[in-house]
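Undergrad: let's see this in three dimensions:
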Amino acid sequence: MTSKKMDIGSKDIISNLPEALICHILSFLSTKDAALTSVLSKRWRYLLAFVPNLDFDNTIYDRPKMGRRKKLELRQSFKVFVDRVMALQGNVPLNKFSLRCKIGSDPSRVNGWVLKVLERSVVELDLYISSEYCYPLPPKVLMSKTLVRLKVAGTDEFTIDVGEVFLPKLKTLHFNDVSFRDESGAAFAKLISGCHALEELVMIKMTWDFWDTCSVSNPTLKRVMIDCENIDDNPKSVSFDTTNLVYLEFTDTVAAKYPKAKFDSLVEVSLGLRMTPGQVFDARDLVNRHYGYKRCKGGNAADFLKGISNVKILYLSSEALEVLTFCCKKAIPVFNNLIHLTVETDQEVDWESLPKLLENCPNLETLVFQGLHYGDTNQCFDTDYRFKDTNECFSDQGDTCQCKPWYGTPVWLSSSPVKILKVLKFGEITNYKDDMDRQTDLIKHFLETMPNLEQVILYYDTTFDDDLKIVSTQLQMLKKVASTKCKIQVISDNISYSSTVHSSSSTSGLVFFNNTFPV
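TA: Reported below is the predicted structural model:
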């Protein structure tokens, strides 16, 4: 019985699998590693010919300590290897072709590989082309009847010259650090409209500030992620006509105008709109603001915000929060459907627009702060209008007032519908103004004012047990709590600490927990 078990264990189970299944397993390896399996046995020798996925990468040879001659030898051997694999596979239909390649002045060999896989009805095409010379994408790529997923990436020299476009099955289109030859934006619009089944569009490290217009228009799009690099100029015109879009992640310098912002089905938005450095400098000039200066020139996000006002989930970067303050020539729209809002904070950005935004979110349930940082842009001036750069400032009569990230006590606090308040990176200190007292005071203010809070979660950025005790003690001293149902969790990765805190005006507990699991 023992000998039989040993015999079974010594068999090559993988080699007994059907060839189709072995080829499927090999498709998860790089083509180089899959080719190495050909030495295992005669049966494995030609299996590479039927592997449906090819993955080639010659960038691994580009090491700083490697000599120029050695690099040239390895790149030449890489080209020979690709040629042999392509010849071995013949015209077998191909599922995926991935190529990461650094090329010289002659792209003909690379183009030959790309055109060959197009003839083989490739479904997924993933190209990363790095070149010191201009490398235009072969036009036939945009005329493929079989492509479902297309990803092109490289350097600024990787260009797309849009001619005829016919991509009837393409569902996913990724651009990363490539450029369009047509600087009017018409070529990009033509490309998008020629993808009749497109569901996902990703654009990373793109630049369109020099285009007359940019239009993202496609009725089948469901997900769009755009990250534009331009920071020094405001785009002239950006439009969205995406009636079935569900998710939008948009980072860009605020445009001069948004003629169309059609998002009928939008559910979730991650917004990273920003001002140019010149606009930021003007906006943060506190003396000018004291005399009534408010708006930035060259950008207006009002129509875009109105377009996304039906979302349920919204993430705002700190730059976007500042855009709401300075680059909206109309009032912030009402977000009737918004139930979850995340706000990134920064020590240089004030919260002037936040009260009005939250006041216009009548059904908000969860509010998340990434840090509790804010700029002191609403601090007081003395009688000579000289700015006092301190956390405490003085009125004309000499009375002191503790500066908060908003003016007075906003209505949104006392009428807030928020049930869950989360603070990520609580306790994180970024500069000399950004201390724990300010952050703790804000939490106290929320607890004393927001009437519908049921849960407050502080993700404390600390490794010291005493920090938790200090916060706990400070919150024990609260004279009032707006919501008697509210429970507080203080969560730290490394420390186990818990206590129950009762306010002096309520018998209900504010409970502090410290969890040892990562958050």
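
Undergrad: below-threshold pLDDT in the stretch 101-250 of the chain: ranges please.
TA: In the predicted model of the stretch 101-250 of the chain, residues 105, 209-210 satisfy pLDDT under 70.

Undergrad: do you have the helices of it handy? List them.
TA: 108-119, 186-193 (DSSP state H, counting those that start in this stretch).

Undergrad: tell me which residues in stretch 51-62 are buried?
TA: Judged by neighbour count using 16 or more other Cβ atoms under 10 Å, the buried positions of stretch 51-62 are V51, P52, N53, L54, D55, F56, N58, Y61. (Each C-beta comes from the backbone N, C-alpha and C, glycine too.)

Undergrad: now the two most distant members of these.
TA: Maximum pairwise distance among the buried residues of stretch 51-62 (Cβ to Cβ): 25.9 Å, between P52 and Y61.

Undergrad: elements contacting the lengthiest helix in the chain?
TA: Secondary structure of the chain per DSSP state H: the longest helix is helix 68-89. Counting contacts by 3 or more Cβ pairs under 8 Å, 6 or more residues apart in numbering; DSSP states H and E, helix 68-89 packs against helix 31-36, strand 53-57, helix 108-119.

Undergrad: now do the buried residues in that helix.
TA: For helix 68-89, the neighbour count (16+ other Cβ under 10 Å) marks L74, R75, F78, K79, V82, V85, M86, Q89 as buried.

Undergrad: could you do stretch 151-169 as well?
TA: Buried residues in stretch 151-169, counted by 16+ other Cβ under 10 Å: K151, V152, A153, G154, T155, E157, F158, I160, V162, V165, L167.

Undergrad: hang on, the second one packs against F180?
TA: Right, the one you point to is V152. No. V152 is not in contact with F180 according to Cβ atoms under 8 Å; the separation is 11.3 Å.

Undergrad: need the contact list for F180.
TA: Applying Cβ atoms under 8 Å, 6 or more residues apart in numbering, one finds that F180 lies in contact with T159, I160, D161, V162, A187, F188.

Undergrad: how about a cut-off of 10 Å?
TA: Contacts for F180 (Cβ atoms under 10 Å, 6 or more residues apart in numbering) come out as 159-162, 186-188, 190-191, 206-208, 211.

Undergrad: and for the nearest residue to P168 once chain neighbours are set aside, the neighbour number?
TA: Leaving aside its chain neighbours, P168 sits nearest to H196 (5.4 Å; criterion: Cβ to Cβ, 6 or more residues apart in numbering). Applying other Cβ atoms under 10 Å, we find 13 residues neighbouring H196.

Undergrad: next: L99.
TA: Residues near L99, counting by other Cβ under 10 Å, number 20.

Undergrad: beta-bridge partners for it, please?
TA: Partner residues in beta bridges with L99, using DSSP bridges, are F56, L127.

Undergrad: hang on, isn't it packed against N111?
TA: No. L99 lies out of contact with N111 (Cβ atoms under 10 Å); the separation is 11.1 Å.

Undergrad: now the helices and strands packed on helix 68-89 as JSON lines including distance to E344?
TA: Shown next, in JSON lines, are those (distance: least, Cβ to Cβ, whole Å):
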{"stretch": "helix 31-36", "distance to E344": "41"}
{"stretch": "strand 53-57", "distance to E344": "35"}
{"stretch": "helix 108-119", "distance to E344": "41"}
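
Undergrad: could you look over these and pick the most buried one?
TA: Among the helices and strands packed on helix 68-89, ranked by average contacts under mean count of other Cβ atoms under 10 Å, first place goes to strand 53-57 (a mean of 20).

Undergrad: packing partners of that one?
TA: Under the contact criterion of 3 or more Cβ pairs under 10 Å, 6 or more residues apart in numbering; DSSP states H and E, strand 53-57 touches helix 19-26, helix 31-36, helix 68-89, strand 96-103, helix 108-119, strand 124-131.

Undergrad: grab the nearest non-local neighbour of R75.
TA: Among residues not flanking R75 along the chain, N58 sits closest, at 5.8 Å (Cβ to Cβ, 6+ apart).

Undergrad: contacts only, for that neighbour.
TA: With Cβ under 10 Å, 6+ apart, N58 has these contacts: 71, 74-79, 81-82, 99-103, 130.

Undergrad: now do T462
TA: F426, G427, E428, M436, L468, I470, V471, V490, S492, D493, N494, I495.

Undergrad: try 6 Å this time
TA: Residues near T462 by Cβ atoms under 6 Å, 6 or more residues apart in numbering: G427, S492.

Undergrad: can you pull the poorly scored residue ranges out of the stretch 351-500 of the chain?
TA: 376-404, 406-410, 432-434, 494-500.

Undergrad: residue ranges of the strands in it, please?
TA: For the stretch 351-500 of the chain, strands defined by DSSP state E, counting those that start in this stretch occupy the ranges 366-370, 392-394, 400-402, 420-426, 455-460, 487-491, 499-502.

Undergrad: the stretch 151-300 of the chain too?
TA: Residue ranges of the strands in the stretch 151-300 of the chain, as given by DSSP E, counting those that start in this stretch, are 158-160, 172-176, 179-180, 200-206, 214-217, 223-228, 238-241, 247-253, 261-262, 268-274.

Undergrad: okay, the ones you listed in TSV with distance to M450 next?
TA: As requested, the strands of the stretch 151-300 of the chain are exported to TSV (distance: least, Cβ to Cβ, whole Å):
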stretch	distance to M450
strand 158-160	51
strand 172-176	42
strand 179-180	48
strand 200-206	38
strand 214-217	38
strand 223-228	33
strand 238-241	34
strand 247-253	29
strand 261-262	32
strand 268-274	24
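
Undergrad: highest average neighbour count across the ones you listed?
TA: Per-stretch averages of neighbours, counted by mean count of other Cβ under 10 Å, single out strand 238-241 among the strands of the stretch 151-300 of the chain, with a mean of 23.

Undergrad: centre of the chain to that one, how far?
TA: Its chain's average C-alpha position is 19 Å from that of strand 238-241, according to Cα atoms, centre = their mean, to the nearest Å.

Undergrad: what's the answer for stretch 92-109, then?
TA: Distance of stretch 92-109 from its chain centroid, counting by Cα atoms, centre = their mean, is 29 Å.

Undergrad: okay, how far is it across that stretch, tip to tip?
TA: The first and last residues of stretch 92-109 sit 20 Å apart, counting by Cα to Cα, to the nearest Å.

Undergrad: identify the residue with the minimum pLDDT among the buried residues of helix 68-89.
TA: Among the buried residues of helix 68-89, L74 carries the weakest pLDDT, at 70.

Undergrad: let me know whether K222 touches V246 as I believe.
TA: Yes. Using Cβ atoms under 6 Å, K222 is in contact with V246, at 5.0 Å.

Undergrad: in the stretch 301-450 of the chain, what residue spans correspond to helices?
TA: Using DSSP H, counting those that start in this stretch, helices in the stretch 301-450 of the chain cover 302-307, 318-326, 354-359, 411-414, 436-449.

Undergrad: buried ones in the last one?
TA: By neighbour count on 16+ other Cβ under 10 Å, the buried set for helix 436-449 is 436, 438-449.
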